[in-house]
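> based on what follows, work out the 3D shape:
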Amino acid sequence: MIETTSEQHIQALETLKAVGQEHILAGYDRLKPAEQESLLAEIASVDWAEVARLVKTHVESKPKFKLPENIEPAPWYPNVPSAELEQFYRTAFEAGCAMVRDGKVCAFTVAGGQGTRLGWDAPKGTFPATPIRKVPLFGCLAEYIRAIEMRFGVVIRWYIMTSPANDADTRAYFEDQNYFGLDPDQVMIFPQGMMPAIGMSTGKVLMASPSSVALSPNGHGGSLKALETSGALDDMARHGIEHISYTQIDNPIVRVIDPLFLGLHAISGSQMSSKMLPKAYPKEKLGNFCVVDGRVTIIEYSDLPDELAYETVESGDLRFRAGSIAIHTIRRDFVELLNRSAQGFALPYHRAEKKVPYLDLKSGKQVEPDKPNAVKLETFVFDALPLCSTSIVYETERIDEFAPIKNADTPAGEEPANDSPQTSRTIQSERAARWLSELGVQVPRQADGSIDATLEISQITAIYKEDLDGSKLPGRIEPGQEVLL
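Modelled structure (predicted):
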C-alpha cells in the first residue's frame, strides 16, 4: 500500500517512464508539498496504459470515420401502439411496474456540465428550470423520483455522475437542499474520469501548469466506465438492481423511470434500449438510429449523407426518421461486460483536434495556441449500442418528454433560441395545457395558437395526465394567469 508522498512519487515516475510521459514530473521538486500532492493525485486518476495505446492509435495515427456500406433505418416501437400491439404494451407496462416495485431499477443522471453557456456560474443541475416555481434541474428529477417512490412504495437509488470541476459544488448543493426530500443514503454522487490532452505533433501529454496536467472529461461514454471505477456497479449489485435508467441533466420533463419503456426493454431481451423522437427536419442535430450489419447503430447527423437524410417514404415521412435524445435503459450486467473484458473498456475513443493552452516546459511560459495543437479523446455512450446482441428503440413525444435546456436565452424581442430556458418553459406549459384541456379545463390561447397563460404541474402532483383529479381542477384559466398545480 502506498502511503507517503515520496513512495507515490516513485511509483508515479515508474508508471510515466513506462509510457514515455515522465516529463509530467520534470518540475516536481520545485513544487510546494500541496502542489506535489495534487499532481500525484491527478497522475493516479489516469489510466496510463490506455493513454499509451491511444497515442499510437489516435495521435500518431488519425482514424477516419468510414460510412458503412449497408445502412437501414432502425425499427422502433411506436409511442401509440397499433391495435395488434395493445396487449403487448399492456404486458410490457405491467412488467415494467413489477421491475420498479421489486427494486430492480435505478436512476442514473449524467450531470458533469457547468451552466457556463447559460450564463450560470454553477453546476448545470442547479439551474432554475420550471415556469413558475423555478425548480432547479436536479429538483425536477428528484420530484419525479419521489413521485415514482410514492406510486410503487419503493426506494429508488439515484446515481449522479459529476465532473471534477463541479463535484464539490454539486455535493454541497444537495446538502444545502436537503437532497430534495430524498434520503442521502439513496443518492450516490461520483465524478467522471478525465483524459489528458496530448500534443498533436509530439504525442506528449500537455501540462496546464507546473502542478497540473491538461485534463478534460472522457466523453459521455465515460459515464459507463465511471459506474465501474466509482464502485456504483458493485453498489447496484448489492441492492439487487438489474437495470439502469440513463438520462442527462438538461431535460426537466424526462421520465426518469418509465415503466412502459422498462417493460419493452426487458421483454425484448434488450441489453441497451433507447428512446427516439421523430426528427423535425432532415438535418436536425440528433443522431440517427440505423441498423448496420444487424446491429442498432447511431450515425451522427453530420455523418449521414444528404441523400439518406432527405430520403422519404411513400407517406412523405423521412426514411431515417428516428433521432436520438440520449435516454437509455441499460442492463447492469451489460455495463459490467463493457468494463471487465480482457481488452479493457470496450467503447471506442474518438479523436477531436482542439486548441489547448499549455505550459511550455522549456521556457516556463504559458502558450495560447492560435490553431489546434492537441488531441482530446472522448467516448460516446451510444457506441455501446452496436455491441449489444439485442437492442430496441422506443418512440416518445417531444411535448411529453423533451424540453432540454442547452443554450442561453436570446435578448427580449428576438426569436427564442432552440433548447433554451424559454423554449423549455414553453414546452412545460404546453404539456400542462394539453393535460388540462383533455380533462375539460378551458385554456386560453393567442391567435397563433400559443398558450396565453403560464402553467406548471409539479411532478409530485402528476407524472401522467391520469394522475390529475378532474374534480379539483379549475373549469377555466384566465388569459395571462399563472397556474401552479
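> now the strands for the stretch 101-250 of the chain?
105-110, 114-115, 120-123, 158-162, 187-191, 194-196, 198-199, 207-209, 212-213, 215-217, 243-248 (DSSP state E, counting those that start in this stretch).
> reformat these as a markdown table; add distance to residue 469.
For every residue, glycine as well, the C-beta is placed using N, CA and C. Written out in a markdown table, the entries for the strands of the stretch 101-250 of the chain read as follows (distance: least, Cβ to Cβ, whole Å):
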| stretch | distance to residue 469 |
| --- | --- |
| strand 105-110 | 27 |
| strand 114-115 | 36 |
| strand 120-123 | 36 |
| strand 158-162 | 28 |
| strand 187-191 | 31 |
| strand 194-196 | 49 |
| strand 198-199 | 59 |
| strand 207-209 | 56 |
| strand 212-213 | 56 |
| strand 215-217 | 44 |
| strand 243-248 | 28 |
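> do you know the pLDDT at the closest residue to residue 473 other than its chain neighbours?
Spatial nearest neighbour of residue 473, excluding adjacent residues (Cβ to Cβ, 6 or more residues apart in numbering): residue 441 at 5.4 Å. Looking at residue 441, its pLDDT reads 96.
> thinking again about what came up before, quickly, which of the strands of the stretch 101-250 of the chain bottoms out on average pLDDT?
strand 215-217 (a mean of 89).
> buried ones in that one, by neighbour count?
215-217 (16 or more other Cβ atoms under 10 Å).
> give me phi/psi at the closest residue to residue 474 other than its chain neighbours?
Nearest residue to residue 474, sequence neighbours excluded (Cβ to Cβ, 6+ apart): residue 441, at 6.2 Å. Dihedral pair for residue 441: phi -80, psi 130, per degrees, to the nearest 10.
> again, but for the one 5 residues further on
Dihedral angles of residue 446 (phi, psi; degrees, to the nearest 10) stand at phi -80, psi 180.
> so how far is the strand ranked longest in the chain off the chain centroid?
With secondary structure taken from DSSP state E, the chain has its longest strand at strand 322-331. Distance of strand 322-331 from the chain centroid (Cα atoms, centre = their mean, to the nearest Å) equals 10 Å.
> cool, stretch 434-450 as well?
Remark: stretch 434-450 is offset 32 Å from the chain centroid, using Cα atoms, centre = their mean.
> now stretch 236-249
Distance, stretch centre to chain centre, for stretch 236-249: 14 Å (Cα atoms, centre = their mean).
> quick one: end-to-end distance for it.
Terminal residues of stretch 236-249 lie 21 Å apart, using Cα to Cα, to the nearest Å.
> list the buried ones in that stretch?
Applying 16+ other Cβ under 10 Å to stretch 236-249 flags 236, 241-249 as buried.
> residue 70: which of those residues is nearest?
residue 246 (28.5 Å; Cβ to Cβ).
> my guess is that closest one meets residue 110, correct?
Yes. Using Cβ atoms under 8 Å, residue 246 is in contact with residue 110, at 7.3 Å.
> what is in contact with the two at once?
residue 223 (Cβ atoms under 8 Å, 6 or more residues apart in numbering).
> elements contacting the helix ranked longest in the chain?
Criterion DSSP state H: the longest helix present in the chain is helix 421-438. Helices and strands touching helix 421-438, by 3 or more Cβ pairs under 8 Å, 6 or more residues apart in numbering; DSSP states H and E, are helix 398-401, strand 454-456.
> partners of the residue positioned nearest the centre of the chain in the sheet?
For the chain, residue 248 is the residue whose C-alpha lies nearest the centre (Cα atoms, centre = their mean; 3.3 Å). Beta-bridge partners for residue 248, by DSSP bridges, are residue 110.
> and it, how far from residue 223?
Distance of residue 248 to residue 223, computed by Cβ to Cβ, to the nearest Å: 9 Å.
> one more: residue 73?
From residue 73 to residue 223 the distance is 27 Å (Cβ to Cβ).
> can you check residue 427 too?
25 Å.
> which stretches of this protein have low pLDDT?
For the chain, applying pLDDT under 70 flags the ranges 1-4.
> ranges for the helices of the stretch 151-300 of the chain?
167-176, 222-229, 232-238, 259-267 (DSSP state H, counting those that start in this stretch).
> outside of the second one, which residues touch it?
Outside helix 222-229, the residues that touch it by Cβ under 8 Å, 6+ apart are 108, 110, 159, 161, 190-193, 218, 232-233, 244, 246, 330, 335-336, 338-340, 345, 347, 378-379, 381, 384.
> of those residues, keep whichever come out buried.
Buried members of the contacts of helix 222-229, counted by 16+ other Cβ under 10 Å: 108, 110, 159, 161, 190-193, 218, 232-233, 244, 246, 330, 335-336, 338-339, 345, 347, 378-379, 381, 384.
> shouldn't residue 409 be within a strand?
No. Going by DSSP: H, G, I helix; E, B strand; the rest coil, the assignment for residue 409 is coil, not a strand.
> shared neighbours of residue 248 and residue 223, which are they?
Here residue 248 and residue 223 have residue 110 as joint contacts, going by Cβ under 8 Å, 6+ apart.
> how close does the closest residue to residue 205 other than its chain neighbours sit to residue 52?
Of all residues not flanking residue 205 in the chain, residue 196 sits nearest, at 4.2 Å (Cβ to Cβ, 6+ apart). Plainly put, residue 196 is 11 Å away from residue 52 if you go by Cβ to Cβ.
> these two - which one has more neighbours?
Neighbours of residue 196 and residue 52, each counted by other Cβ atoms under 10 Å, are more numerous for residue 196; the result is 26 against 14.
> correct me, but that one touches residue 212?
No. Using Cβ under 8 Å, residue 196 makes no contact with residue 212, being 10.4 Å away.
> in a markdown table, list the helices of the stretch 151-300 of the chain along with distance to residue 274.
A markdown table is the format used below for the helices of the stretch 151-300 of the chain (distance: least, Cβ to Cβ, whole Å):
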| stretch | distance to residue 274 |
| --- | --- |
| helix 167-176 | 26 |
| helix 222-229 | 14 |
| helix 232-238 | 20 |
| helix 259-267 | 9 |
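> among those helices, which comes closest to residue 412?
Of all the helices of the stretch 151-300 of the chain, it is helix 167-176 that lies closest to residue 412, at 29.5 Å by Cβ to Cβ.
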